[in-house]
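Trainee: below: sequence and its predicted model.
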Amino acid sequence: MPDFFPFAGIRYSNGADLSARAAPPYDVIDEEQRAALEAAHPQNAVRLILPRDGAVEGDRYSRAASTYATWCADGVLVADPEPRFYGYRMTFDGGRRHTIGVLGALTLPEPGDGSVLPHERTLPKAKSDRLALLQATRLNLDPIWGLSLTEGLTAAIDTTRELGRCSDEDGTIHTLFAIDDPAAQTAIRDAIRSTPLVLADGHHRFETALAYRDERRRAGTADPGADAIMAFVVELADDQLRIEPIHRLVHGPADWGAGTGSPLRQRLAASFEVIPAGPNTPEAVARLVGSMRANGSLGLVDAEGVALLVADPGTAARALACEPAPVAGTDAALFETVAVPLLEGATIEYRHDAIGVAALVAKGVADAALLLRPVSVADTRAAAIAGARMPQKTTFFAPKPRTGMVFRSLGESG
């Protein structure tokens, strides 16, 4: 079972309001938001997680390490004197909902031990980027997100001693708490160690940490800090989680514009019934999302407007026959096995906001968007327990913990 222990976090020293210094996770930040975060504060955490190159191409990783060292030397960042767990609460939907979890150091599993259950496949490029950053900084800058199967974990997380807070652009309030009581720490550690941990978010960082640990072992380097990763652990319960879909933006090649009609719709019609559903407006997109839920279908946004995509049952059954049952029922698997073969020559981007991706299509930033339905908590649990990985970018857990509330140095072994 997974081991989970306190660590001495590294935190901003000046002020309890971290709104100007905290950032979203690196993989949801676009270039416009990156610039806005840099402008918000000269010590915003984005300068560590998404550093920019200086005079030499590719030196951004060493620049992140140098920035961190400077902030520590100047007293901007300070280490807590003793290891502790950190309670973390996200309050959202106007205060009506919340997610409560705990931040600690998760011991990285050995091959085949089954203590941590990933549920998505990953993209190699993202892993190589995060490995270079980890090698340069020797820091866990933002936590992976794990889901505990242990009932009652939430009740064991103390949220009375506040250390800092911030608000994000969506109005979510993020609050960090100190958990120093030995009995409370033991209760949390025992709860998390009693069942396998489902990896909800941060697959690239998790696999990067495994690669770095193994790299250090091959070099014969004793490095206890590299044997663990900072993790945000939440009880796997419906009232603690919100899962949103991740949609696909499609950029087609130039020859898609040849001929008459919509070349994309013509391609998709080979395996889908394309049912027009109006113009590309926010109201029509919202109705389309509702129709997708009611009909069990995908959605399409393109230059002609919006449409339902109803997969041919026989084609879908054949394409998904080799997928495990918990995966075969997801829209992401349907997209990968049925839609992608029809999109030869296209490149795909991933975004989680349906209205936002439709607006990008309307502006001509992308040729089209395929909209997907969200995966349920139950399906996520079933896939993980079955040892089945869903396609990359299947689930978007929201809200996202903010980067910059606390960091973990690999020099800290726990």
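Mentor: Alright, I've got the coordinates.

Trainee: isn't Glu235 right up against Ala156?
Mentor: No - taking contacts as C-beta atoms under 8 Å, Glu235 lies outside contact range of Ala156: 9.4 Å. The C-beta positions use only the backbone N, C-alpha and C, and glycine is treated the same way.

Trainee: neighbour-wise, which of the two wins?
Mentor: Here Glu235 and Ala156 are set side by side on neighbour count (other C-beta atoms under 10 Å), and the busier one is Glu235, at 24 against 21.

Trainee: leaving out chain neighbours, which residue sits closest to that one?
Mentor: Nearest residue to Glu235 in three dimensions, chain neighbours excluded: Leu153, at 4.2 Å (C-beta to C-beta, 6 or more residues apart in numbering).

Trainee: give the burial count for the one you found, as a bare number.
Mentor: Applying other C-beta under 10 Å, we find 25 residues neighbouring Leu153.

Trainee: Three-state assignment for Leu106, please.
Mentor: strand (DSSP: H, G, I helix; E, B strand; the rest coil).

Trainee: so what's the residue lying closest to Val357 once chain neighbours are set aside up against?
Mentor: Nearest non-adjacent residue to Val357, counting by C-beta to C-beta, 6+ apart: Ala369, 4.2 Å away. Residues in contact with Ala369, defined by C-beta atoms under 8 Å, 6 or more residues apart in numbering, are His247, Arg248, Leu249, Val250, Leu300, Val301, Asp302, Arg351, Val357, Ala358, Leu360, Val361.

Trainee: ok, now with 6 Å
Mentor: With contact taken as C-beta atoms under 6 Å, 6 or more residues apart in numbering, Ala369 is in contact with His247, Leu249, Val301, Val357, Val361.

Trainee: that one should be in a helix, yeah?
Mentor: No - using three-state DSSP, the assignment for Ala369 is strand, not a helix.

Trainee: least trustworthy helix or strand in this protein by mean pLDDT?
Mentor: The weakest-scoring helix or strand in the chain, judged by mean pLDDT, DSSP states H and E, is helix 377-385 (a mean of 80).

Trainee: name the residues that touch the helix or strand following that one?
Mentor: Under the assignment DSSP states H and E, the closest C-terminal helix or strand after helix 377-385 is strand 396-398. For strand 396-398, contacts defined as C-beta under 6 Å, 6+ apart pick out Ala200, Asp201, Arg242, Ile243, Glu244, Ile246, His352.

Trainee: picking up where we left off before, surely the residue nearest to Glu235 is in contact with Arg193?
Mentor: No - in this structure Leu153 lies outside contact range of Arg193 using C-beta atoms under 6 Å: 11.1 Å.

Trainee: apart from its neighbours in sequence, what residue is nearest Ala319?
Mentor: Counting by C-beta to C-beta, 6+ apart, the residue nearest Ala319 is Thr337, at 3.9 Å.

Trainee: need the three-state assignment for the one you found.
Mentor: What three-state DSSP gives for Thr337 is helix.

Trainee: distance of it relative to Val301?
Mentor: Thr337 sits 21 Å away from Val301, taking C-beta to C-beta, to the nearest Å as the criterion.

Trainee: same check on Phe272?
Mentor: 14 Å.

Trainee: just Arg189 next, same as before
Mentor: Distance, Arg189 to Val301, using C-beta to C-beta: 47 Å.

Trainee: comparing those two, which residue is more hemmed in?
Mentor: The neighbour count for Arg189 versus Val301, taken as other C-beta under 10 Å, is higher for Val301 (29 against 18).

Trainee: over to that one. Which of the three states is it?
Mentor: strand.

Trainee: so how far is Tyr61 from Val76?
Mentor: Distance of Val76 to Tyr61, given as C-beta to C-beta: 20 Å.

Trainee: oops, could you answer that again for Ile188 instead?
Mentor: 33 Å.

Trainee: same check, this time on Leu334
Mentor: Distance, Leu334 to Tyr61, using C-beta to C-beta: 38 Å.

Trainee: and for Ala366, nearest residue in space, chain neighbours not counted?
Mentor: Leu249 (4.3 Å).

Trainee: grab the nearest non-local neighbour of Gly15.
Mentor: In space, Gly15 is closest to Gly164, 7.9 Å off (C-beta to C-beta, 6+ apart).

Trainee: what are the bridge partners for the one you found, then?
Mentor: Leu176 (DSSP bridges).

Trainee: tell me what the helix or strand that contains Thr208 is packed against?
Mentor: Secondary structure from DSSP H and E places Thr208 in helix 203-218. Secondary-structure packing of helix 203-218 (3 or more C-beta pairs under 6 Å, 6 or more residues apart in numbering; DSSP states H and E): helix 124-137.

Trainee: touching the helix it packs on from outside, list them.
Mentor: Counting by C-beta under 6 Å, 6+ apart, Tyr61, Ser62, Ala64, Ala65, Tyr68, His204, Arg205, Glu207, Thr208, Ala211, Tyr212 sit against helix 124-137.

Trainee: tell me the pLDDT of the first one.
Mentor: Spelled out, that is Tyr61. pLDDT recorded at Tyr61 is 95.

Trainee: from Arg161, how far off is the closest residue to it other than its chain neighbours?
Mentor: In space, Tyr61 comes closest to Ala136 once its chain neighbours are excluded; the distance is 3.8 Å by C-beta to C-beta, 6+ apart. Ala136 sits 34 Å away from Arg161, going by C-beta to C-beta.

Trainee: the more surrounded of those two?
Mentor: A count of neighbours by other C-beta under 10 Å puts Ala136 above the other of Ala136 and Arg161, at 18 against 13.

Trainee: what pLDDT, on average, does stretch 211-218 get?
Mentor: Mean pLDDT, computed over stretch 211-218, is 96.

Trainee: buried stuff in that stretch?
Mentor: Ala211, Tyr212, Arg213, Arg216 (16 or more other C-beta atoms under 10 Å).

Trainee: separation between the second one and Gly58?
Mentor: To tie it back to what came earlier, the one meant is Tyr212. 18 Å.

Trainee: next one: the first one
Mentor: Between Ala211 and Gly58 the computed distance is 19 Å (C-beta to C-beta).
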